[in-house]
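Novice: Need the 3D shape of this:
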Amino acid sequence: MILFSESVPPKNSMGEIMRTLFRSTGVAAATAAVLMTATGTATAAPVGWSMPGGQGSTYGTANFYNRSVGISGRVESHWSGCVQAVFQTDPGNAFETRTACNNHTTTFGFTIPTDFPGGANKVFVTLAKINPNGTLEWLGARTLNRP
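Specialist: Residues are numbered from 1 along each chain as shown. The predicted structure is shown next:
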């Protein structure tokens with residue numbers, strides 16, 4: 001009984017086996033693309049938010065990846081004090097903050113690591129006014145769901 005023929009490559013690499021199997025059918029490129037997507041960094045469409053307000057605002061987008069979330073946007077102070085945007089992932093509970101003070105705008109672009117397979121399902125964006133005594137006053141919140 002013959003188990004292997006000379007046309008079948010040795011089992012030294014999955015890539016060589018796939019190329020041999022699909023060389024004559026013309027689907028090698030499609031198969032390689034599927035395999036690279038499955039093992040690479042997955043991404044979904046960007047999700048935007050807009051929270052205009054009287055004392056502060058925040059606007060931007062979140063890009064959900066396999067093990068992180070990319071956040072870009074701005075936070076604006078519309079008064080002589082400070083406002084803070086807080087970004088928290090779920091699951092994972094990783095967070096970042098960005099602050100703008102004294103009628104100024106702070107732009108940002110950062111990545112929140114969510115180092116587990118699949119990454120975060122959502123990001124909570126909260127905007128708060130920082131009172132002169134250091135307490136926070138809630139101004140608004142949005143939940144950004146992974147598409």
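Novice: Okay, now the sheet partners of the helix or strand containing Tyr59, with direction.
Specialist: Element membership of Tyr59 [criterion: DSSP states H and E] is strand 56-64. Partner strands and pairing direction for strand 56-64 (DSSP bridges) are strand 47-51 (antiparallel), strand 68-77 (antiparallel).
Novice: how far is the first one from where the chain is centred?
Specialist: The gap between the average C-alpha position of strand 47-51 and the chain average comes to 14 Å, counting by Cα atoms, centre = their mean, to the nearest Å.
Novice: Give the buried residues for that strand.
Specialist: Neighbour-count burial for strand 47-51, counted by 16 or more other Cβ atoms under 10 Å, picks out 47, 49, 51. Every residue, glycine included, has its C-beta placed from N, CA and C.
Novice: for the last one, same thing?
Specialist: Along strand 68-77, these residues count as buried under the neighbour rule (16+ other Cβ under 10 Å): 68-69, 71, 73-77.
Novice: From the rest of the structure, what touches the strand holding Tyr59?
Specialist: Strand 56-64 is contacted from outside by 43-44, 46-52, 69-79, 83, 85, 87, 100, 108, 119-120, 123, 125, 127, 129, 139, 144, 146-147, using Cβ atoms under 8 Å, 6 or more residues apart in numbering.
Novice: So in the chain, where's the weakest helix or strand by average pLDDT?
Specialist: For the chain, counting by mean pLDDT, DSSP states H and E, helix 28-39 ranks last in confidence among helices and strands (a mean of 35).
Novice: For the chain, which segments are assigned as strands?
Specialist: 47-51, 56-64, 68-77, 82-90, 95-101, 105-113, 122-130, 136-145 (DSSP state E).
Novice: Redo these as JSON lines? Include mean pLDDT.
Specialist: Below are these laid out as JSON lines (pLDDT from 0 to 100):
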{"stretch": "strand 47-51", "mean pLDDT": "97"}
{"stretch": "strand 56-64", "mean pLDDT": "97"}
{"stretch": "strand 68-77", "mean pLDDT": "97"}
{"stretch": "strand 82-90", "mean pLDDT": "97"}
{"stretch": "strand 95-101", "mean pLDDT": "97"}
{"stretch": "strand 105-113", "mean pLDDT": "97"}
{"stretch": "strand 122-130", "mean pLDDT": "97"}
{"stretch": "strand 136-145", "mean pLDDT": "96"}
